Every structure is written in C-alpha cells, then in structure tokens.
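Colleague: Have a look at this fold, sequence not included:
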C-alpha cells in the first residue's frame, strides 16, 4: 500500500547533466515537501507546496527547481548537478503543517 | 527562525535498558513536536508526536515529554531492543504552523 512513491529509486547522472526526480502520492494531501539528506545528516528542506502555492527555502540552490502539476504529483529538477548535489532526495506529504509527514522511500542521486 | 538542538549525537545502551534523547527549541510559538525514526537506508517514519497542550504522551515502550517553559522535549524508550537501533530525529515547526526544522539526529545502538 504505497502512499508516497518516488521514481527512480536510484539515479546516476553526469556532472552538469539535468535530472528530474518524481514523487506521487495517493493520500490526497495538500502539502508536499522536497528534502535533501546527505549521509548522517538531518533532512534539509528544499521546497514545499501548500496545494499549488510554492515556497522556496532561502538557502536552496538556484539550480534546484520544482513543479507540482496537480495534487498527486511533484517533481524536482536539478538543472546542472554538481558533485555536491549527490544525496538522498526525500519527498514527503502532509495534510498540513502540524500534522504527520509521510515520507517516500527516497531517490539516491549519484553525480559522476 | 526556529533552532532545534538535539543531544546526544550518539547513544549506546544495553538491551533492556532505557534510552533518552533530548531536544531544545527556540521559538515559543512552536506547537507540534514529532519524533522520527530512520533505519539505515530507509525513510524517516513518525514514531510519536506531542502537541503543546499536553506535557506527556506514551505509546507502549515509547514516551515523549514536553516542557514548554524550558522549551525542551524528550524521547524516552524503555526496555530497548536491538530493532530500536536507528537514527532518531526530533523536529519542531519553524514558527507556529510552518514546515518542520529537524534536529541533527541521534544514532542509537542497542547492544544485545
């Protein structure tokens, strides 16, 4: 009963080659989040949506962008990946701030 | 913005002993305090949460206590088992009802 699905689970890209990660949810939650998690660190919030209202964290790099075409889907685009962008990317959903966040399994991005 | 500090960063306990992890937060308006467990290679999952209108919440071997005056909250795990070994993250909203700010995590090892 997958509730938050991320594809692909593993992604290898070359330095500077654009990549798109996808997230879908079956929970019909209003809020969707993208996090970056590096080894042994806490998840770091990149973006979040309240429905279609997009919110960008102040320190999210400019080459990271996001799209949410409908309630169920959300995409993370990395325009020019650098070696420092190698990480686990986690998508999460919630019915609102102050409620449980449901995380997807993550996409592990490798940059060569 | 919110600052969440978590201690200790690593914790080793003997099976059957108790484990306590503490977090402090800075924003007195914060009103929701979840704890997430992340096993190696897996997604974070909520194990317990507490809201600012209660001081303690318990779920079997897991409990969370909240001291609003001192602005700290703690996770208590009793009768620890090897499967409790994981990284635990506390979190608090940045301000009121906003996305969570995660603590840096505590790596708990339960030694059989």
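Modeller: Looks like it arrived, so ask away. A quick note: this is a predicted structure, and the numbers were derived from the prediction, not measured. Numbering: from 1, shown residues only, chains lettered A, B, ... in the order given.

Colleague: which residues touch residue A:56?
Modeller: Contacts of residue A:56 were listed using C-beta atoms under 8 Å, 6 or more residues apart in numbering or on different chains, and they are A:46, A:47. C-beta coordinates here come from the backbone N, C-alpha and C atoms, glycine included.

Colleague: and it, bridged to which residues?
Modeller: Taking DSSP bridges as the rule, residue A:56 bridges to residue A:47.

Colleague: same question, residue B:76
Modeller: Beta bridges link residue B:76 to residue B:20, residue B:63, judged by DSSP bridges.

Colleague: for the one 10 residues further on, same thing?
Modeller: Taking DSSP bridges, one obtains residue B:108 as the residues bridged to residue B:86.

Colleague: Got the confidence number for it?
Modeller: Per-residue pLDDT puts residue B:86 at 98.

Colleague: how about the residues of chain A that lie near chain B?
Modeller: A:33, A:40-43, A:45, A:48, A:55, A:90, A:96-101, A:103-106 (C-beta under 8 Å from any C-beta of the partner chain).

Colleague: can you rerun that using 7 Å?
Modeller: The interface of chain A toward chain B, taken as C-beta under 7 Å from any C-beta of the partner chain, is made up of A:33, A:42-43, A:45, A:48, A:90, A:97-98, A:100-101, A:103-106.

Colleague: Need the worst-confidence member of these.
Modeller: Comparing pLDDT over these, the lowest reading goes to residue A:97, 81.

Colleague: surely residue A:34 meets residue A:46?
Modeller: Yes. Taking C-beta atoms under 7 Å as the definition, residue A:34 is a contact partner of residue A:46 at 4.6 Å.

Colleague: returning to that earlier point: next step: the residues of chain A next to chain B restricted to strands.
Modeller: A:33, A:45, A:48, A:90, A:103 (DSSP state E).

Colleague: would you list those residues in JSON lines and tack on distance to residue B:92 and neighbour count?
Modeller: Shown next, in JSON lines, are these (distance: C-beta to C-beta, whole Å; neighbours: other C-beta atoms under 10 Å in any protein chain shown):
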{"residue": "A:33", "distance to residue B:92": "15", "neighbour count": "24"}
{"residue": "A:45", "distance to residue B:92": "13", "neighbour count": "22"}
{"residue": "A:48", "distance to residue B:92": "16", "neighbour count": "24"}
{"residue": "A:90", "distance to residue B:92": "18", "neighbour count": "26"}
{"residue": "A:103", "distance to residue B:92": "17", "neighbour count": "24"}
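
Colleague: which one of those residues sits closest to chain B?
Modeller: Ranked by distance to chain B (C-beta to the nearest C-beta), these are led by residue A:103 at 4.1 Å.

Colleague: got the contact list for the lowest-mean-pLDDT helix or strand in chain B?
Modeller: Using mean pLDDT, DSSP states H and E, strand B:100-102 stands out as the lowest-scoring helix or strand of chain B, at a mean of 92. The contact list for strand B:100-102 (C-beta atoms under 7 Å, 6 or more residues apart in numbering or on different chains) reads A:42, A:43, A:101, B:2, B:4, B:89, B:91, B:92, B:93, B:94.

Colleague: Name the member of these with the most neighbours.
Modeller: Neighbour counts for the contacts of strand B:100-102 (other C-beta atoms under 10 Å in any protein chain shown) peak at residue A:43, which has 28 neighbours.
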